[in-house]
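Undergrad: can't give you the sequence, but here's the structure:
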Ligand SMILES: NC(=O)C[C@H](N)C(=O)O
């Protein structure tokens, strides 16, 4: 078994060492499994339970003060399952797996997805708030009210960019739209906080988690998130959308992270796997996909990839931590 996991692309993390230790633990949990789907689920469950990542416990809060989780998973025989907009569900990845294995559908959403989760034995009614989440939500001083009022609040607070509510211009963070760096260093690696252009975006909350695994025969990929901080209630990003947040085919698998609307617009995971299908190795495919993503959207993202020979990862934000394991 081989597995690669990521802990989100965004600003250089405040706590890189403990985060790396959790990513290593996740990779170790995944590589111990006997099939790729179980491997990515086990790895992601470790990350969903850690408050440092924006998935499960510690997930981002939407404009109505609710943490809603999303996840998607796919195997190389093109079976797929996803679940979105779930309140009180820590292990969204397990719901996604149950959608894949136990339904004729590819995506369940909202309260019925939570009911389905409970029915298939995934814990619900979990408190996903951490002390940090609560403090950040309280400081945001969001209004009660209609979606229109939430949109106005987002526009006021985030410099008019409701399409990118995590780009906190007032904190000196750049908008994701400012992050495009056509001259970015193609040799960027997989460590946290690599030195990049000062124009890099710092996108708090980009701590979506993902994993791709192979047993040498088949592949599976999975991604899980709390979404984007202070997004309009009900917003669903790239993560549970096939081909955007996750994808797998007989050539390999991919998991993405970053500006979800832009990732969805260019179906980043599918784009990267297409490069594998055309004969690129995993690292070349990752580099190409992120380069194209930057050119097409001017935005920030990261990706991990696995093919039958190796691992690949690339990002155009300040940092993305990954871990790999082989057994
Ligand atoms: N943290 C992230 O990577 C955000 C995720 N892609 C989303 O838009 O929901």
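TA: Looks like it arrived, so ask away. Please read all numbers here as calculations on a predicted model, not as lab measurements.

Undergrad: for the most centrally placed residue in the chain, what are its contacts?
TA: Central residue of the chain (Cα atoms, centre = their mean): residue 208, 3.3 Å from the mean position. Applying Cβ atoms under 8 Å, 6 or more residues apart in numbering to residue 208 gives the contacts 8, 53, 54, 55, 223, 224, 225, 226, 239, 245, 257, 258. All C-beta atoms are positioned from the backbone trio N, CA, C, and that covers glycine.

Undergrad: gap between residue 297 and residue 265?
TA: Distance of residue 297 to residue 265, given as Cβ to Cβ, to the nearest Å: 6 Å.

Undergrad: same question but for residue 253, I mixed them up
TA: Look at residue 253 and residue 265: by Cβ to Cβ, they are 21 Å apart.

Undergrad: ok so, going back, so between residue 297 and residue 265, which is more surrounded?
TA: residue 297 (21 against 15; other Cβ atoms under 10 Å).

Undergrad: still on that earlier bit, could you find the closest non-adjacent residue to the residue nearest to the centre of the chain?
TA: In this structure, residue 208 finds its nearest non-sequential neighbour in residue 225, 3.9 Å apart by Cβ to Cβ, 6 or more residues apart in numbering.

Undergrad: give me phi/psi at the one you found?
TA: Per-residue torsions, residue 225: phi -160, psi 160 (degrees, to the nearest 10).

Undergrad: what of residue 251?
TA: Residue torsions, per degrees, to the nearest 10, at residue 251 are phi -80, psi -20.

Undergrad: dump the residue contacts of it.
TA: So residue 251 contacts 76, 273, 276, 277, 307 (Cβ under 8 Å, 6+ apart).

Undergrad: the stretch 151-300 of the chain against the ligand: which residues are in contact?
TA: Within the stretch 151-300 of the chain, the residues that sit near the ligand (Cβ under 6 Å from any ligand atom) are 205-208, 225, 227-228, 237-239, 257-258, 260, 263.

Undergrad: same thing but 8 Å
TA: Residues of the stretch 151-300 of the chain that fall close to the ligand, judged by Cβ under 8 Å from any ligand atom: 166, 203, 205-208, 223, 225-228, 231, 236-239, 245, 256-261, 263.

Undergrad: give the PyMOL command for selecting the buried subset of these.
TA: Command for PyMOL, covering only those of those found buried under the criterion 16 or more other Cβ atoms under 10 Å:
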select buried, resi 166+203+205+206+207+208+223+225+226+227+228+231+236+237+238+239+245+256+257+258+259+260+261+263
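
Undergrad: now the residue of the stretch 201-327 of the chain found nearest the ligand. Nearest residue, chain neighbours left out?
TA: Using Cβ to the nearest ligand atom, residue 260 is the residue of the stretch 201-327 of the chain that sits closest to the ligand, at 2.0 Å. Distances taken as Cβ to Cβ, 6+ apart place residue 237 nearest to residue 260, at 2.8 Å, with adjacent residues excluded.

Undergrad: the one you found: what secondary structure?
TA: Three-state assignment for residue 237 (DSSP: H, G, I helix; E, B strand; the rest coil): coil.
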